[in-house]
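Undergrad: quick one, what's the 3D model for this:
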Amino acid sequence: MRSVGFLSERQRRFAWLGFLLAAFQAPLAAKLVNDASWFFAVVVALVVATVIIADDAERRRPETVDYVE
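TA: Have a look, this model is predicted:
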């Protein structure tokens, strides 16, 4: 059985949705807005991507097995 990460499946789907929305919004805002406020969307996308990667690493970690000696 695969180990469970710290995000539930629903939270994981919302994290992917948030990442995709922020990643697509950043270049569009950079083109339409003259100030650097689009950079906030880049930072949010990077933070959400880091959480998704950490959850992936937690899910891929092998389960600990208790050996009886």
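Undergrad: which outside residues touch stretch 22-41?
TA: Applying CB atoms under 8 Å, 6 or more residues apart in numbering, the contact partners of stretch 22-41 are 42, 44-45, 48. In this view, the C-beta of every residue, glycine as well, is placed from N, C-alpha and C.
Undergrad: out of these, which are buried?
TA: Among these, those classed as buried by 16 or more other CB atoms under 10 Å are 42, 44-45, 48.
Undergrad: any idea which helix or strand carries Phe14?
TA: Assessed by DSSP states H and E, Phe14 sits inside helix 9-32.
Undergrad: so for that helix, mean pLDDT?
TA: Averaging pLDDT along helix 9-32 yields 92.
Undergrad: which element follows it toward the C-terminus?
TA: Once the chain leaves helix 9-32, the next helix or strand it forms, by DSSP H and E, is helix 38-60.
Undergrad: give me the buried positions along that next one.
TA: 38, 41-42, 44-45, 48-49, 51-52, 55.
Undergrad: can I get these in TSV including distance to Arg12 and pLDDT?
TA: As requested, the buried residues of helix 38-60 are exported to TSV (distance: CB to CB, whole Å; pLDDT from 0 to 100):
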residue	distance to Arg12	pLDDT
Trp38	26	86
Ala41	21	88
Val42	21	91
Val44	17	91
Ala45	16	93
Val48	11	95
Ala49	13	95
Val51	9	95
Ile52	7	95
Asp55	6	94
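Undergrad: what's the closest of the contacts of stretch 22-41 to Trp16?
TA: Closest approach to Trp16 among the contacts of stretch 22-41 (CB to CB): Val48, at 8.4 Å.
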